[in-house]
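S.K.: coords below, sequence missing:
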């Protein structure tokens, strides 16, 4: 596998370094294959995003790299002007390489939080230095109140192709078809680093076509994706609190690994068992108890993957200015499936392997701080 420590093995290397206020992109070329790297910023420890550019000349956008969806959208010039944060808006007329797809039909985008409309288009996408010509994407409009309050501009879906809409070519499919990456994988490294303000730059990294050995400890354990729904869905055999199996995965649990989700979600009765094992009644806890919270482990592929209180508990200031504490362990009704969001991924380095779209797999290792 490619690592940043293996540069000396490459005979001919052409490196391009692109910088902006919020991110750094690096591309390493060897023959006709690339490894693209995007630096990620952490906003309030609830969402990570990185910069991509679309069009000619390039227009820059901060996007969430979401493994829980497969399509790519950015705001259009029709995006609401009544937003909490300023947003870059894609100006199709300003791009020499923009191509409007015939029909110009509007599609509905519905997420667990947030809705918008999107119109299918094509243009050049720059992704960590890798250039994807004629990339399908959607120009967004009519956001609901949720999307008028978010810090990021758009969402770049990295779910499997069966999640896509409108028979589009996803970013992953385009990378594969054009043979633009060294290996058919991408890896995600997220940290819990804190900064002086709400946004912490260089708090993580997504690597397309490889991984960086500096970002994990030990070896990855790889497990197959279990369904063809398009989600990165895996099996867990056990969840333990402070080393004790709390018997919520009998004989197993199913879980989505979702970089677009902040928290860890599970069925109500099973999350309540975790609360009980932690000695709390619900997600809101006394801040004095946080330092005593034990590690929680998820057994995947026979390997225990640990998260600590630094991952699943957090402190915030309420509307009255008081300091409060809460857990990133939440329950949801009417499902037996777990969602492993950022509270899990900040502790675990994750490799998403799509060498074969019909038989994908995911690798997990302890993340480096």
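M.R.: Thanks, I have it. Please read these numbers as outputs of a predicted model, since none were measured by experiment.

S.K.: going forward, measure contacts between C-alpha atoms and count neighbours the same way
M.R.: Noted.

S.K.: May I see the buried residues of stretch 84-104?
M.R.: Neighbour-count burial for stretch 84-104 flags 87, 88, 89, 90, 91, 92, 95, 97, 98, 99 (criterion: 16 or more other C-alpha atoms under 10 Å).

S.K.: what about the most centrally placed residue in the chain, which SS state?
M.R.: Nearest residue to the geometric centre of the chain (C-alpha atoms, centre = their mean): residue 259, 2.9 Å. The three-state label given to residue 259 by DSSP: H, G, I helix; E, B strand; the rest coil is coil.

S.K.: Would you agree it is in contact with residue 67?
M.R.: Yes. Counting by C-alpha atoms under 8 Å, residue 67 is a contact partner of residue 259 at 5.4 Å.

S.K.: burial of residue 333, as a residue count?
M.R.: Residue 333 is flanked by 9 other residues according to other C-alpha atoms under 10 Å.

S.K.: which residues touch it?
M.R.: By C-alpha atoms under 8 Å, 6 or more residues apart in numbering, the contact set of residue 333 is 267, 268.

S.K.: any idea how far it is from residue 265?
M.R.: Distance, residue 333 to residue 265, using C-alpha to C-alpha, to the nearest Å: 10 Å.

S.K.: before we move on, what about residue 165?
M.R.: 26 Å.

S.K.: So these two - more neighbours on which side?
M.R.: Legend: neighbour count by other C-alpha under 10 Å for residue 165 and residue 265, higher for residue 265 (21 against 14).

S.K.: Would you map the strands across the stretch 151-300 of the chain?
M.R.: Along the stretch 151-300 of the chain, the stretches classed as strands by DSSP state E, counting those that start in this stretch are 154-157, 185-190, 199-208, 216-224, 233-236, 238-241, 244-245, 253-257, 264-267, 284-285, 296-300.

S.K.: Quick one: closest of those strands to residue 112.
M.R.: When the strands of the stretch 151-300 of the chain are compared by C-alpha to C-alpha, strand 264-267 sits nearest residue 112, at 12.3 Å.

S.K.: Can you tell me the strand partners of that closest one and which way each runs?
M.R.: Strand 264-267 has the following sheet partners, assigned by DSSP bridges: strand 329-332 (parallel), strand 337-340 (antiparallel).

S.K.: can you tell me which of those comes nearest to residue 214?
M.R.: Across those, residue 214 has its closest neighbour in strand 337-340 (23.0 Å, C-alpha to C-alpha).

S.K.: Report the mean confidence score over that closest one.
M.R.: Confidence for strand 337-340, expressed as mean pLDDT, is 97.

S.K.: Next: stretch 289-299.
M.R.: Taken as a whole, stretch 289-299 has an average pLDDT of 97.

S.K.: And for stretch 80-92?
M.R.: Stretch 80-92 shows a mean pLDDT of 96.

S.K.: So which residues make contact with that stretch?
M.R.: Residues from elsewhere that reach stretch 80-92 (C-alpha under 8 Å, 6+ apart): 55, 59-61, 74-77, 79, 98, 139, 141-143, 148-153.

S.K.: Please apply the same query to stretch 46-64.
M.R.: 22-23, 38-42, 65, 74, 88, 90, 92, 94-98, 123-128, 152-156, 204, 260-262, 342.

S.K.: end-to-end on that stretch?
M.R.: 11 Å.

S.K.: Stretch 259-279 now?
M.R.: First residue to last in stretch 259-279 (C-alpha to C-alpha) measures 28 Å.

S.K.: Now do that stretch: everything it contacts.
M.R.: 46-47, 64-68, 241, 246, 248, 281-283, 293-294, 312, 328-345.

S.K.: what does stretch 295-315 give?
M.R.: For stretch 295-315, contacts defined as C-alpha under 8 Å, 6+ apart pick out 192, 221-223, 235-243, 263, 287, 290-291, 293-294, 323-329, 343-344, 346-348, 364-366.

S.K.: So how do I select the buried members of the contacts of stretch 80-92 in ChimeraX?
M.R.: Here is the ChimeraX command that selects the buried residues among the contacts of stretch 80-92 (16+ other C-alpha under 10 Å):
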select :55,59,60,61,74,75,76,79,98,139,141,142,143,148,150,151,152,153
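
S.K.: The contacts of stretch 80-92 in strands, which ones?
M.R.: Using DSSP state E, 59, 60, 61, 74, 75, 139, 141 are the members of the contacts of stretch 80-92 that sit in strands.

S.K.: Take the residues you listed and write them to TSV, including distance to residue 273.
M.R.: TSV is the format used below for these (distance: C-alpha to C-alpha, whole Å):
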residue	distance to residue 273
59	48
60	45
61	41
74	40
75	42
139	43
141	42
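
S.K.: a markdown table please, covering these and showing distance to residue 172 and pLDDT.
M.R.: Formatted as a markdown table, the ones in strands among the contacts of stretch 80-92 follow (distance: C-alpha to C-alpha, whole Å; pLDDT from 0 to 100):
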| residue | distance to residue 172 | pLDDT |
| --- | --- | --- |
| 59 | 21 | 98 |
| 60 | 20 | 98 |
| 61 | 19 | 98 |
| 74 | 17 | 98 |
| 75 | 21 | 98 |
| 139 | 19 | 97 |
| 141 | 24 | 97 |
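
S.K.: So which of these is the closest to residue 169?
M.R.: Among the ones in strands among the contacts of stretch 80-92, residue 139 lies closest to residue 169 (C-alpha to C-alpha), at 15.1 Å.

S.K.: need the contact list for the closest one.
M.R.: Residues in contact with residue 139 (C-alpha under 8 Å, 6+ apart) are 73, 74, 75, 76, 90, 118, 119, 120, 121.
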